[in-house]
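**Student:** Prediction below, plus the sequence it came from.
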Amino acid sequence: MPAPHPTRPLPAADPALRLRARGAGANPVSRFDPYVREVEADGWDLPVEDQLARTEVSFERPRSALTRNDSPDVPFDRSVNPYRGCEHGCIYCFARPSHAYLGLSPGVDFETKLTARPSIPEVLAKELSRKGYRPAPIALGTNTDPYQPIEARHRIMRGILQVLSDFRHPVTIVTKGAMIERDLDLLAPMAAAGLAHVGISVTTLDPDLCRRLEPRAPSPQRRIAAIRTLAAAGVPVRVMASPIIPVLTDAEGEAILAAAAEAGATAASWILLRLPHEVAPLFVDWLRRNYPGKAEHVMSRLRAMRGGRANDPRFTSRMRGEGPEAEMLHLRMRVAAKRLGLEKERRALDCSQFRVPPKAGDQLSLF
C-alpha cells in the first residue's frame, strides 16, 4: 500500500488521546498495512481519567548488533542501533518509516512505542571477537538518536561505548542529546587515541521553532553548550546543520555554523530536508498545524530543489537536492564553512589499535 499522499489531510490521532510535546499529530497506517483505520469519537466511549500519550518501552534481544550498508551517500559501512523509535519526536526524521517494519505507525507510534535492546553490548562484543572480523569505524546514531531521553534509564549507549573502548575500536556518534556529556570519561581517552568523532545536530537556533520541530530534544543553546564541553575535553566535534528546511531554517545556516565554530566545532556538514515514504504527509500535516501561512511556501521551495517532487530517493541527490536554489544553498554553506575554518577534513580514525581484550583464563601474549 503506498504512503498517504503528501497533500491530503491526515486523520488526527485517537481523539481520546492527549498529545503533549509530540511532533506528530497523526498516527497513519504504514505503507505495509492493507487497511486504513480511523478513530471516531461517537459518544459511546467510556471516559478515561488519564488520556495523555505516554512513552512505552518494549525490549528486544537482537541476534546481531552490526547493521551493514553499502550506500554511496554515507562514509561508513556498519552501524549499531541501541533503540528503535525515538522520543525526541523530530517531525522530519527520515527514520520514521522504519517503524513500519515493526507493524507500527511512523506517526505518534514512532515517538511513543519504543524498543530498547539492552543486550546489544554483549552481542556486539561477540561479533567483534570473531576471527574473521576486520575493524572499520562503527557509526552510532545513524537511524534513531542513541542519547534520546530513555537512555538515562537504560544506559545501553554507555554499554556499547564501554565495549568499543575495551576493544580499542573506532566510533563515530551523531546525536542531538546533551546526555553525551555523561560519557566523556570514555569518549575523551578514545578521542585522544584517534578513535572517536562526534557530530552534534543543530537544526535551528530559534527555541520556539525547535520546540515545535523537535519537541523532546535539548534546546539549541544546550546543544551548543554540549559542543563546547566536548571540544574542551579534546573530542573532535562536527556541527550538523541538518536538515535544512526551506523557508523555516535555511536563512539560519551561517548563524548555526558560526555559533558552533565559536563553541569549538572543527567541521561542518548539512543535508537538505528529506521526506521519504510516510514522512512527507506527516511533515505537511505538521506544517498546516504549526505554520499554516507558510505551508505551501515551504513545500513549493522544497519541490523546486527536488525536481518537482516532495522527495527524491536517488543516491547523492537525495542529500543535496538539485537546481539553482539547491546549488545556491550549498554555495552559501561552503563559503561560511571555509570562512569559519570548518571546511577541513577530519582526521581519519585509527583502526590499527583494534584488539580483542583477553578474558579470564586466556593465554597472554609474550609481546
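**Tutor:** Structure's in. What do you need?

**Student:** Show me which residues of the helix or strand of the chain with the lowest mean pLDDT are buried.
**Tutor:** In the chain, no helix or strand scores lower on mean pLDDT, DSSP states H and E than helix 317-320, which sits at a mean of 82. Burial within helix 317-320, assessed by neighbour count using 16 or more other C-beta atoms under 10 Å, is assigned to 317-320. Placement of C-beta: from N, CA and C, glycine included.

**Student:** Same check on stretch 182-197?
**Tutor:** Judged by neighbour count using 16+ other C-beta under 10 Å, the buried positions of stretch 182-197 are 182-184, 186-188, 190-191, 194-197.

**Student:** Start and end of that stretch, how far apart?
**Tutor:** According to C-alpha to C-alpha, to the nearest Å, stretch 182-197 extends 16 Å from its N-terminal end residue to its C-terminal end residue.

**Student:** Just the mean pLDDT for that stretch, thanks.
**Tutor:** In this model, stretch 182-197 carries a mean pLDDT of 98.

**Student:** Over to stretch 158-168?
**Tutor:** For stretch 158-168, the per-residue pLDDT values average out at 98.

**Student:** List the buried residues of it.
**Tutor:** 158-161, 163-165, 167-168.

**Student:** Quick check on Arg18: phi, psi?
**Tutor:** Taking degrees, to the nearest 10, you get phi -100, psi 120 for the backbone angles of Arg18.

**Student:** dump the residue contacts of it.
**Tutor:** With contacts taken as C-beta atoms under 8 Å, 6 or more residues apart in numbering, Arg18 has the following neighbours: 51-53.

**Student:** Pull out the buried residues from these.
**Tutor:** The neighbour-count criterion (16+ other C-beta under 10 Å) marks Ala53 among these as buried.

**Student:** Dump the contacts of Arg18 to TSV, plus pLDDT.
**Tutor:** TSV is the format used below for those (pLDDT from 0 to 100):
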residue	pLDDT
Gln51	77
Leu52	83
Ala53	85
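
**Student:** Inside helices: which ones of the buried residues of stretch 182-197?
**Tutor:** With helices identified by DSSP state H, the entries of these that belong to them are 184, 186-188, 190-191.

**Student:** possible to save those as JSON lines with distance to Ala24?
**Tutor:** Written out in JSON lines, the entries for those read as follows (distance: C-beta to C-beta, whole Å):
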{"residue": "Leu184", "distance to Ala24": "33"}
{"residue": "Leu186", "distance to Ala24": "34"}
{"residue": "Leu187", "distance to Ala24": "32"}
{"residue": "Ala188", "distance to Ala24": "37"}
{"residue": "Met190", "distance to Ala24": "36"}
{"residue": "Ala191", "distance to Ala24": "36"}
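
**Student:** Which parts of the protein are helices?
**Tutor:** Under DSSP H, the chain gives helices at 108-112, 120-128, 151-154, 156-166, 184-192, 207-213, 220-232, 253-263, 279-290, 295-304, 317-320, 324-339.

**Student:** CSV for those helices, including distance to Cys90?
**Tutor:** Shown next, in CSV, are the helices of the chain (distance: least, C-beta to C-beta, whole Å):
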stretch, distance to Cys90
helix 108-112, 9
helix 120-128, 23
helix 151-154, 16
helix 156-166, 18
helix 184-192, 23
helix 207-213, 6
helix 220-232, 13
helix 253-263, 16
helix 279-290, 10
helix 295-304, 16
helix 317-320, 17
helix 324-339, 20
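
**Student:** Of those helices, which stretch is the most buried?
**Tutor:** Ranked by mean neighbour count under mean count of other C-beta atoms under 10 Å, the helices of the chain are led by helix 108-112, which reaches a mean of 26.
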